[in-house]
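Visitor: Quick one: sequence plus predicted model below, questions after.
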Amino acid sequence: MHYQAFHPGQVWLDTEGKRIHAHGGSVMYLDGTYYWYGENKERTTGEDKIWHWGVRCYTSKDLYNWEDKGMIIEPRPEDPDSSLHPESMMDRPHIIYNEKTKKFVCWLKIMNKDNTQSETILTADDILGPYTIVREGLRPLNMSAGDFDLAVAPDGKAYYYFERVHSETICADLTEDYTDVTGYYSTHFPHPHPPYVREATAHFTRKGKHYLVTSGTTGYMPNPSEVAIADTWHGPYTVLGDPHPEDESRTSYHSQISSVFKVEGKKDLYIAVADRWAPNEMDVPYEAYKDFFDTVFDEEMDPKEKKEVLEKQMQQNLWIPDDKKNTSLADYVWLPFRFDGEMAYLDWKDEWRIEDYE
């Protein structure tokens, strides 16, 4: 299959004709080549406890056609205690390059069995690996740390934006080697509970402004995204609104943004990289699973009544647990941002080409 355009929401195959598995992914540009890496979900059918099968990477020159470079971080099925075991709930790899140490540094979010979330950090001399674990079980700032993004300033200082689980968004400074936090941080977007707490943070800069694109916390079911803007890395951030105003389903076109990157050689082309985690459940209305979370976190509701309401919602298939979803069939929604002043919008396009941009 040879592509000459993007087709958001449709099955995307690599140069060998196989489904691309780079979920919760990001794109890095190095020496004329794009590297797209993410969670390998090829064995995550929801029929067993396999959550991931390592981190996979693809390369491309044109952003349409991607060559599979294989696993850059292998799963460890022989070690049930490893954060890289296939049943370990590993999500959202992010890789940044440290000019000082000459290392590629990868952070992984791990959802632990005790419902806390921690980070595994690995380093490599090449973006394609091999990667070596340098930290495991890190609780940055002694917090349970969820979805995140990493960003590097022009002067080499790095920043870590993450969801303090079910609470707020944190921006933390990284150490010089990018493998830990310094202790300096700022807090943003406080909310009482899901689905309002912000996750899936994606940072980018444009015209001297810092943008954070986030989603609400509804697991693999999609919800309205939110754009915020600031003058500095640590903010304060001002919420501008939903970048998908034309989407009547209020689901960000049934997708969740994982990262944003600027296309090399283009004047003002920024692409939102998003996953359509549950393409088979697009008929479930956003309000249904919003109500599900409101019920879960309603402290005033009688426990017996709450249990009955939740069981009814489950029976109606309004909420299927994430570990029962067949994410091996997840698709991608890549769309270009349209800027109106400072606001960033994402308009739906059945097909689009980067050649149509300056």
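Guide: Sure, I can see it.
Visitor: Whichever strand or helix holds residue 273 - contacts with which helices or strands?
Guide: Here residue 273 sits within strand 270-276, counting by DSSP states H and E. Packing contacts for strand 270-276, counted by 3 or more Cβ pairs under 8 Å, 6 or more residues apart in numbering; DSSP states H and E, involve strand 23-30, strand 198-206, strand 256-262, strand 331-340. For every residue, glycine as well, the C-beta is placed using N, CA and C.
Visitor: Adjacent strands (with direction) for the first one?
Guide: If you go by DSSP bridges, strand 23-30 pairs up with strand 33-39 (antiparallel).
Visitor: what do you get for the shortest one?
Guide: Partner strands and pairing direction for strand 256-262 (DSSP bridges) are strand 270-276 (antiparallel).
Visitor: Can you name the next helix or strand after the partner strand?
Guide: Downstream of strand 270-276 (by DSSP H and E), the next one is helix 286-296.
Visitor: what does the biggest helix by length in the chain rub up against?
Guide: For the chain, the helix that runs over the most residues, judged by DSSP state H, is helix 303-315. With contact meaning Cβ atoms under 8 Å, 6 or more residues apart in numbering, helix 303-315 is reached by 288, 291-292, 295-296, 298, 301, 319-320.
Visitor: Apart from its neighbours in sequence, what residue is nearest the most centrally placed residue in the chain?
Guide: When Cα atoms, centre = their mean is applied to the chain, the residue found nearest the centroid is residue 258 (3.0 Å). Distances taken as Cβ to Cβ, 6 or more residues apart in numbering put residue 24 closest to residue 258, at 4.9 Å, once the chain neighbours are dropped.
Visitor: okay but that neighbour is in contact with residue 90, surely?
Guide: No. Look at residue 24 against residue 90 with Cβ atoms under 8 Å: they stay out of range, at 9.5 Å.
Visitor: Between the two, which contacts overlap?
Guide: In terms of Cβ under 8 Å, 6+ apart, residue 24 and residue 90 are both contacted by the residues residue 39.
Visitor: ok so, going back, my read is that the residue nearest to the centre of the chain contacts residue 36, right?
Guide: No. Look at residue 258 against residue 36 with Cβ under 8 Å: they stay out of range, at 10.9 Å.
Visitor: Now for the two: what residues contact both?
Guide: The contact sets of residue 258 and residue 36 overlap at 25-26, 273 (Cβ under 8 Å, 6+ apart).
Visitor: For residue 105, the count of nearby residues, please.
Guide: When counting by other Cβ atoms under 10 Å, one arrives at 23 neighbours for residue 105.
Visitor: could I get the helix or strand hosting it in PDB with only the CA atoms?
Guide: If you go by DSSP H and E, residue 105 is part of strand 103-111. Extracted in PDB, the C-alpha atoms of strand 103-111 (Å, rounded to 0.1, in the frame of the first residue of the first chain):
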ATOM      1  CA  LYS A 103      21.400   9.900  25.200                       C
ATOM      2  CA  PHE A 104      17.900   9.300  24.100                       C
ATOM      3  CA  VAL A 105      15.700   9.200  27.300                       C
ATOM      4  CA  CYS A 106      12.400   7.400  27.300                       C
ATOM      5  CA  TRP A 107       9.800   7.700  30.000                       C
ATOM      6  CA  LEU A 108       6.900   5.200  30.400                       C
ATOM      7  CA  LYS A 109       3.800   5.500  32.500                       C
ATOM      8  CA  ILE A 110       3.000   2.300  34.500                       C
ATOM      9  CA  MET A 111      -0.400   1.700  36.100                       C
END
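Visitor: So which elements touch the helix or strand that that strand is followed by?
Guide: For strand 103-111, the succeeding helix or strand toward the C-terminus, using DSSP H and E, is strand 117-124. Judged by 3+ Cβ pairs under 8 Å, 6+ apart, the packing partners of strand 117-124 are strand 103-111, strand 132-138, strand 145-152.
Visitor: in strand 117-124, what counts as buried?
Guide: Judged by neighbour count using 16 or more other Cβ atoms under 10 Å, the buried positions of strand 117-124 are 117-124.
Visitor: how much does it deviate in direction from strand 145-152?
Guide: Angle of strand 117-124 versus strand 145-152, following axes from the mean of the first three to the mean of the last three Cα atoms, to 10 degrees, is 30 degrees.
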